[in-house]
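1. Based on what follows, work out the 3D shape:
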Amino acid sequence: MIQRRQILTGLAAGALLGPQVAQAEQSPVALVVGVSDYDYVPALPSAVLDASLIGASFMSLGFRTSIMINVTKRNFLRGLARFRTKAADASLAVTYVAAHGTMLNGQGHVFLSDSQHLEDRVPESVILQAVNDKPRQKILFLDTCRESPILGAAPSTGLDQYRAGIHVSYATQPNAPAIDGDDGHSPYAKALQNALEIPGLHMSEINRRVRLSVLRETHGLQIPWERSSLVLPVILNSGS
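-> Below you'll find the model as predicted:
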């Protein structure tokens with residue numbers, strides 16, 4: 001298997017030294033992002049395929065789904081602004097990102113197609129901020145690596161975005177790579193897609209099933225992780 005979604009070794013040398021929410025009635029929204037083609041670092045062949053797989057799953061579940069493929073940082077941030085508008089009447093907003101990534105000061109950070117330096121990253125707090133303008137349940141799936149850069153990491157900002165009603169699911173454990181897989185999809189994306197097909201699962205059970213599946217497929221090398229401040233039960237597939 002190919003270790004994946006970690007940008008540190010590929011950057012230029014100078015850069016590195018619903019569904020149901022309790023009794024929610026509003027239509028849920030999803031933003032799905034996949035970045036396979038990079039200008040300055042190695043490609044991630046399965047990232048766009050994974051985004052297409054997960055995007056189709058959310059569409060089939062009735063989410064108002066937007067899909068962004070091989071976007072630059074500027075266009076990604078614009079997409080987040082549009083997603084905020086789209087989510088105005090939603091009580092559940094879900095985001096999935098498959099891309100190169102890293103971890104800094106406890107946060108996941110995403111690199112877009114034109115990322116050249118460590119400073120080009122987008123932290124998870126910025127992604128969450130897009131839908132943190134009102135009380136709602138917010139789910140973020142980060143299908144990226146979480147290895148930390150060696151030296152000189154700038155401190156993370158935006159930690160005030162971690163409020164009640166947030167759940168972040170990571171493809172792997174802290175300070176570890178995620179695996180690309182050898183059949184066109186990452187182990188994490190396949191496990192998530194399979195879990196989304198089962199009606200009635202709460203987020204805790206979705207994560208447990210995903211974790212078990214990925215552990216088995218990677219022979220214990222990759223352990224999906226999570227952190228949560230959910231206060232209401234979230235079911236992504238209500239079966240209706």
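2. residue ranges with poor pLDDT in the chain?
-> By pLDDT under 70, the low-scoring segments of the chain are 1-25, 150-162, 240.
3. right, and Val97 touches Phe141 too?
-> Yes. Counting by C-beta atoms under 8 Å, Phe141 is a contact partner of Val97 at 7.2 Å. Using the backbone N, CA and C atoms, a C-beta is placed for each residue, glycine as well.
4. Show me which of those two is the more surrounded one.
-> Val97 (29 against 26; other C-beta atoms under 10 Å).
5. Contacts only, for Ser66.
-> By C-beta atoms under 8 Å, 6 or more residues apart in numbering, Ser66 lies in contact with Val29, Ala30, Leu31, Val32, Gly79, Arg82, Phe83, Lys86.
6. Buried ones among those?
-> Val29, Ala30, Leu31, Val32, Gly79, Phe83, Lys86 (16 or more other C-beta atoms under 10 Å).
7. which residues does the most centrally placed residue in the chain bridge with?
-> Against the mean C-alpha coordinate of the chain, by C-alpha atoms, centre = their mean, the closest residue is Leu142 at 2.3 Å. Leu142 has these beta-bridge partners by DSSP bridges: Val97, Tyr170.
8. if we can go back for a sec, of the buried ones among the contacts of Ser66, closest to Ile235?
-> Ala30 (14.4 Å; C-beta to C-beta).
9. neighbouring contacts of stretch 130-137?
-> 18, 21, 24, 80-81, 83-84, 87, 90-93, 95, 138, 161, 163, 165-167, 230, 232, 234.
10. what about the strands in this protein?
-> Counting by DSSP state E, the segments of the chain that form strands are 3-4, 20-21, 29-34, 64-69, 92-98, 100-104, 107-111, 122-123, 137-143, 166-170, 178-179, 225-228, 234-235.
11. Specify the beta-bridge partners of the residue lying closest to Thr102 once chain neighbours are set aside.
-> Spatial nearest neighbour of Thr102, excluding adjacent residues (C-beta to C-beta, 6 or more residues apart in numbering): His109 at 5.2 Å. Counting by DSSP bridges, His109 is bridged to Thr102, Pro123.
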